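Novice: Sharing a model that was predicted from the sequence below.
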Amino acid sequence: MATFNLKINGKTQEIEVDPSTPMLWVLRDHFQLVGTKYGCGIAQCGACTIHLGDNAVRSCQLPVSAVGEQEVTTIEGLSENGDHPVQKAWLEVDVPQCGYCQAGQIMTASAFLKSNPNPSDAEIESAMNGNICRCGTYTRIKKAVKMAANPDQS
Amino acid sequence: MTLVKTSYNRRSFLKTTTMAGGGLVLGFSWLASCKPEVQQQQVAEMPKEWFDLNGYLKIGDNGMVTIMSPNPEIGQNVKTSMPMIVAEELDVDWKDVIVKQAPLNTEIFSRQLAGGSQSIRQGWESLRMAGATAKHMLVAAAAQEWQVPASEITVSNGEISHKASGKRAHFGEMASAAAQLTVPEEVKLKEHKDFTIIGTSRKNVDGKKIVTGQPLYGLDVQKEGMLIAMIAHPPAFGMQLKSFDAEEAKSMPGIKDVFQMKTFEDDYNMSAFDNTAFKNLVVVVGETTWQVMQAKKALKVEWEQSPTQEAKMQIFGREMNVRFPEGLEGTEGHNETLAQQGKITQEVARKDGDPEAMFKKAAKIIERSYSCPFLAHNCMEPMNFFADVKADEATLIGPIQTPEIMEQSVSARLGLPLEKIDIQMTRMGGGFGRRLYGHFLTEAGVISQKMKSPIKLVYTREDDMSMGVYRPAYHAYYRAALDANNNLIAFHVRAGGIPESPLAANRFPAGAVDHYLAENWTVDSNITVGAFRAPRSNFIAGAEQSFLDEVAEAAGKDPIDFRLELLKKAQEKPVGENNDYEADRYAGVLELVRDKANWGQEKAGMHRGVSAYFCHNSYVAQVLDITMKDDKPTVEKVTAAIDCGIVVNPDAAKNLAEGGAVDGIGHAMYSGLTFKDGAPEQSNFDKYRLIRHSEAPKEIETYFVENGIDPTGLGEPPFPPIMGALANALYKATGTRHYHQPFITEKQVVG
Ligand code: FES
Ligand code: FES
């Protein structure tokens, strides 16, 4: 057990936990931030994607001890009222089916658009390729990413 | 004008209660318009079948309407589309409607079940009735209060008005008075042309919660004092628990207990939905998920081979003997079995004319075999359930497609009466049939009872993928005879699987060919299987539609024309009696897709395949376009034409159709579960391939046939045929036919 001070969604919070615990379970079990999902636990599906600083990372493979001073953002903290352009586009396109993968998709897409505000279709596909959607909403996800990049054109 | 009775079988399905704070509560059954032939067909063809649904409609005194959605939401969007149907007949503004998930409550509701793409189809009339009845009563209340004839009152967007007197009121003002009235025996339903909500696209009612990460799913459930539980099960089918050493695991931080459990007592008569290969498990319980995961790894368990087991299972009221032979099976052996069984004469399921004589006379015979592997459902949200079992009552919360059936299993196992068991349904991170089989509910109940504490049972992805209940491995052998004029004179299908056959003997092209033979076979296995999105169709459709493509080619005919010719014959001079499709609707989707995809006018470099199938009461035709670059295929576009009757929520319906196409391409191309010495060789997404973004079609266009027919299924039908369209397009692109799924492992597909 060790004590960590974590900056999560703009708040600093203290936690005592085994240093090897992945952030996924720290968020879900200790902070009740269950928007970050468990899908595979081995960095293959993207359901657990969060932001560490500006980067999208797989929280299932990120031990709490590796976070340090970096800002953690989860789907709950992506925007104040669910009005991040990516979230708005997701609603506009009505992307979700079961919805389970979508928090991870949105976290990957929002970090990606920050680094590449005007992506090509191929760039979107490769950026999103690590996020599985078992329901097959891929064409809608792509449409929503494009809409979030250019809200006026769609 | 359609009049419907508000009761069935002498039971009244509607009753009113006044809410404490005023307002009208209309409790009603979402019971389907149970046409007898529907029930029969369902039981025969798709035994995961539910008719009775239950719900609530509440009108608050502010005019807000709460519609309780009784069925499990697995991503098929019923939580939005079923209430839309109620709202249509009620004539309420959709923005004033709140939708809530109803819990399983056998005291208030009658039955709550979902599956088989039946929710909308089976609920159609009763949902409309519920809305119409509430409207009728609100109007009657207004007529009484205003002292005017009800016939002069009109309703629009939740407002009741009487033109002559100028009186107006919103629903909320009349709700309390309406609740005092008796439920009318008969109500009037709207003409389809007057629909204002049905047929318009409404967004997912949970959309905002999903995109903001609110707790919606079973895995998100957290309760005061809740512990986490995980199970360890045999690593291979054909094995069972021998002994275990829990000493190290028990001493690890946060671990509360490690013990052995039995999912069911030995003398328990399992139902089909209790299906599980592993009934003796080791359980680890602790404070947090990570701690339990670590302790599970530290368990030392010895497994041994299990003997042949015969189980009596209750399958829809019939007691059946199911045999699980001993031994450690493998994919190599399975493949030999499939090929072998495909070569020998099997039990005849249907025979028309004299096929053997025709094959002797044939100018040309085409003969092909197809196969597919076991598949794991791989719902994105792994199996899980919360249970809080006390001495005299139990609460269970989580994702389950068959809550009422599982309530009986839980009741039998825990020794608690049904009315003391409360099952609450969460939104589900996918279902695909997997969550029809709720052994994990019983497991959660047993663990909580033993721990005397609320627990949440969590399957890791590896548990989820290796616990069984798979799509079976199937095989189909086809043979077709053409005469000298390239007419199809005989058709032969011999289909089977481990341990279930995919044959649908009375489907097309049965009825379209004078000489027809269908044979059926199965081989037992100790690997457990279950319904997987569009059971059986999910293989046989693609096999049949690939074969027909080859027969059309051999006959020198356009693949769409070839099918339409056969369908014309099936319509004008059907062969045999029990043909399980309407030929004109079948032809209708082919004609529509031909038109919409500009069939025959594809650009250079574009390779297309077509396929059409009928299952779950709906017709789907798809055209799939491929381009090749560096020897690699890219699916550029899928064009789909669907006849599922009236479409309640078109954009959401398109979403489902798109998902079905992506799902079908993915499974035909990439997915497969293989076995060695009884053990699945893939247990997570590093080895088990699911389709990803870059492999999905670049574009999907969906068109619906507009025929005003009452709605039929949509969750499953778009999934099976696309596999044929894919195989046929790949052939055009590469010159190679694909017979064995997943195509990716057939080396010739990709570079
Ligand atoms: S749960 Fe982290 S990538 Fe799948
Ligand atoms: S919406 Fe179900 S997994 Fe993506």
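Specialist: Okay, I see it. Ligands and ions are numbered 1, 2, ... in the order given.
Novice: Show me what residue of chain A gets nearest to chain B.
Specialist: Using Cβ to the nearest Cβ, residue A:35 is the residue of chain A that sits closest to chain B, at 2.0 Å. In this view, the C-beta of every residue, glycine as well, is placed from N, C-alpha and C.
Novice: who's in contact with the residue nearest to that residue when sequence neighbours are not counted?
Specialist: Among residues not flanking residue A:35 along the chain, residue B:213 sits closest, at 2.0 Å (Cβ to Cβ, 6 or more residues apart in numbering or on different chains). By Cβ atoms under 8 Å, 6 or more residues apart in numbering or on different chains, residue B:213 lies in contact with A:33-36, A:74-76, A:103.
Novice: out of the residues you listed, which one sits closest to residue B:413?
Specialist: Lowest distance from residue B:413 to these (Cβ to Cβ) belongs to residue A:34, with 28.5 Å.
Novice: Give me the secondary structure label for the residue of chain A closest to chain B.
Specialist: The three-state label given to residue A:35 by DSSP: H, G, I helix; E, B strand; the rest coil is coil.
Novice: Just the buried ones among the contacts of residue B:213, please.
Specialist: With neighbours counted by 16 or more other Cβ atoms under 10 Å in any protein chain shown, those contain buried members at A:33-36, A:74-76, A:103.
Novice: So for residue B:111, what's the pLDDT?
Specialist: At residue B:111, the predicted lDDT confidence score is 44.
Novice: ranges for the helices of chain A?
Specialist: Listed in chain order, the helices of chain A (DSSP state H) span residues A:23-25, A:85-93, A:102-115, A:121-128, A:138-149.
Novice: and the fourth one, how far from the chain's centre?
Specialist: So the one you mean is helix A:121-128. 16 Å (Cα atoms, centre = their mean, to the nearest Å).
Novice: Is that helix positioned near ligand 2?
Specialist: No: legend: contact between helix A:121-128 and ligand 2 by Cβ under 6 Å from any ligand atom is lacking; minimum distance shown is 11.7 Å.
Novice: Next, the angle helix A:138-149 makes with that helix.
Specialist: 110 degrees (axes from the mean of the first three to the mean of the last three Cα atoms, to 10 degrees).
Novice: Going by neighbour count, which residues in helix A:121-128 are buried?
Specialist: A:124-125, A:127-128.
Novice: Just want the residue of the stretch 351-500 of chain B that's nearest chain A.
Specialist: residue B:429 (3.0 Å).
Novice: can you count the residues close to that residue?
Specialist: 29 (other Cβ atoms under 10 Å in any protein chain shown).
Novice: what's the closest non-adjacent residue to it?
Specialist: Spatially, and ignoring its direct neighbours in sequence, residue B:429 is nearest to residue B:381 (2.4 Å; Cβ to Cβ, 6+ apart).
Novice: which SS state does that neighbour fall under?
Specialist: coil.
Novice: okay but it is in contact with residue A:99, surely?
Specialist: No: using Cβ atoms under 8 Å, residue B:381 is not in contact with residue A:99, being 9.6 Å away.
Novice: Need the residues touching each of these two.
Specialist: residue B:429.
Novice: If you drop the residues flanking it in sequence, what lies closest to residue B:547?
Specialist: residue B:478 (4.4 Å).
Novice: Now for residue B:212: which residues touch it?
Specialist: Contacts of residue B:212 by Cβ under 8 Å, 6+ apart are A:35, A:75-76, A:78, A:82, A:87.
Novice: list the contacts for residue 88?
Specialist: Using chain A. Counting by Cβ under 8 Å, 6+ apart, residue A:88 has contacts A:148, A:151.
Novice: switch to chain B, that's the one I care about
Specialist: Contacts of residue B:88 (Cβ under 8 Å, 6+ apart): B:128, B:131, B:190, B:195-198.
Novice: any idea how far ligand 1 is from it?
Specialist: 40 Å (Cβ to the nearest ligand atom, to the nearest Å).
Novice: Then residue B:476?
Specialist: In terms of Cβ to the nearest ligand atom, residue B:476 sits 35 Å off from ligand 1.
Novice: buried sites along the host helix or strand of that residue?
Specialist: In the assignment (DSSP states H and E), residue B:476 maps to strand B:473-482. Using 16+ other Cβ under 10 Å as the test for burial, strand B:473-482 gives B:473-482.
Novice: and the closest residue to ligand 1 within the stretch 201-350 of chain B, how many residues sit next to it?
Specialist: Taking Cβ to the nearest ligand atom, ligand 1 has its nearest neighbour within the stretch 201-350 of chain B at residue B:219, 11.4 Å off. Residues near residue B:219, counting by other Cβ under 10 Å, number 26.
Novice: pLDDT wise, what is residue 5 at?
Specialist: Answering for chain A, as no chain was given. Value for residue A:5, per-residue pLDDT: 97.
Novice: Sorry, I should have been clearer: chain B.
Specialist: At residue B:5, the pLDDT recorded in the model is 63.
Novice: ditto for residue B:555
Specialist: 98.
Novice: Spell out which residues of chain B are next to ligand 2.
Specialist: B:75, B:380, B:430.
Novice: just to revisit the earlier point, could you measure the residue of the stretch 201-350 of chain B closest to ligand 1 against residue B:708, distance?
Specialist: 42 Å (Cβ to Cβ, to the nearest Å).
Novice: try residue B:571
Specialist: On the measure of Cβ to Cβ, residue B:571 and residue B:708 end up 20 Å apart.
Novice: what's the spatially most central residue of chain A in contact with, if anything?
Specialist: Closest residue to the average C-alpha location of chain A: residue A:107 at 2.7 Å, with Cα atoms, centre = their mean. Taking Cβ under 8 Å, 6+ apart, we find residue A:107 in contact with A:49-51, A:56, A:73-75, A:78.
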